[in-house]
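J.: below: sequence and its predicted model.
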Amino acid sequence: MAKKTKTSTNALGSLFYLLALFLAYVIYLTIRLVLLTYDAITIYSTRYKVKSGNGFFKTYFNKGNYGEFKLYRKIVKYFGKQNVFANLYLAGKNTENTEIDVLAVSPHGIYVFEKKNFRGYIYGNDQDETWTQVFNRRSKYKFYNPLRQNYAHTRAVENYLGLNENETLPVIVFANQSKLQKITINSDKPLVLLKRVPSLIKKNRKTKPELYTKAQISDFNIKLLEKANMPEAVKAKHIAEVQALQAEPL
């Protein structure tokens, strides 16, 4: 009798365990569905689709596009969707066009964001031509110094809009999963995790003077919108040019 009771208890315990697993899975799927729905809605409601040309599938299933969208969505809350742009193509120096990941027009200056969707430890400094992404001793990857990369972007923005150098605000943004303890740069070159971007914006609002009127901001937006959502041929050519540059010896 005792043996049968013990068997029944074990069976009941296994049933509760399976039920708990099922409920946990249902909760997980529900959360994922809610987040998926939120992404789908905001891709369109924030005008990201209009600005970048990337709809839900091109955004959600592309790591680079999705990372840029998360930054775009975050800063729209502070600048307004009419003042934020993604995937702008402006005349470049080493390539016919250079691609700006995310740009925001504010009274205090023009933010030029370069988004890096990297995980792991990041090593680098101002002078290095390449930086290093490290997962472990056997897993290291080199990538072009993002400060240099974004310098080219800010120059392109200044040339296109007719700005002085002090009117642009370049910012490098890494994914929250990045470890940035091994980076040495000057304090006037902001490099932050995605979650720190709002703090940077708030700080600039308090410390930087206003440079533009509402009419000037409107003029900038009109010009920038002309360079948004470019044809696929322009994008493909830019990718080919960048790949050719990367293939050249450093």
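T.: Ah, there it is.
J.: outside of the helix or strand Ala215 falls within itself, list whatever touches it.
T.: Assigned by DSSP states H and E, Ala215 belongs to helix 214-225. Residues from elsewhere that reach helix 214-225 (Cβ atoms under 8 Å, 6 or more residues apart in numbering): 51, 82-83, 85, 88, 103, 105-107, 110, 160-161, 212. The way it works is simple: take the backbone N, C-alpha and C, and place the C-beta from them, glycine included.
J.: hey, what's Gly124 bridged with?
T.: Ile183 (DSSP bridges).
J.: quick one: contacts for the nearest residue to Glu114 once chain neighbours are set aside?
T.: Distances taken as Cβ to Cβ, 6 or more residues apart in numbering place Asn150 nearest to Glu114, at 4.1 Å, with adjacent residues excluded. The neighbourhood of Asn150, defined by Cβ under 8 Å, 6+ apart, consists of 112, 114, 170-172.
J.: from the chain's centroid, how far away is the longest strand along the chain?
T.: Looking across the chain with DSSP state E, the single longest strand is strand 97-106. Mean-position distance between strand 97-106 and its chain equals 11 Å (Cα atoms, centre = their mean, to the nearest Å).
J.: who are the packing partners of it?
T.: helix 63-79, strand 84-91, strand 109-116, helix 146-161, helix 214-225, helix 232-247 (3 or more Cβ pairs under 8 Å, 6 or more residues apart in numbering; DSSP states H and E).
J.: do you know how far the spatially most central residue of the chain is from Asn221?
T.: The chain has Glu68 as the residue nearest its centroid, 3.1 Å off, counting by Cα atoms, centre = their mean. Distance from Glu68 to Asn221, counting by Cβ to Cβ, to the nearest Å: 19 Å.
J.: for the chain, what helix or strand is lowest in average pLDDT?
T.: helix 232-247 (a mean of 65; mean pLDDT, DSSP states H and E).
J.: could you dump the helices and strands packed on strand 97-106 to JSON lines with distance to Asn97?
T.: Output for these, formatted as JSON lines (distance: least, Cβ to Cβ, whole Å):
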{"stretch": "helix 63-79", "distance to Asn97": "17"}
{"stretch": "strand 84-91", "distance to Asn97": "4"}
{"stretch": "strand 109-116", "distance to Asn97": "15"}
{"stretch": "helix 146-161", "distance to Asn97": "9"}
{"stretch": "helix 214-225", "distance to Asn97": "14"}
{"stretch": "helix 232-247", "distance to Asn97": "5"}
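J.: go through the ones you listed and name the closest to Asn204.
T.: Between Asn204 and those, the tightest spacing by Cβ to Cβ is seen for strand 109-116, at 7.7 Å.
J.: ends of stretch 82-98, what's the gap?
T.: 22 Å (Cα to Cα, to the nearest Å).
J.: for the chain, which spans come out with low pLDDT?
T.: Residues of the chain that meet the criterion pLDDT under 70 lie in 1-9, 187, 231, 234-235, 238-239, 241-250.
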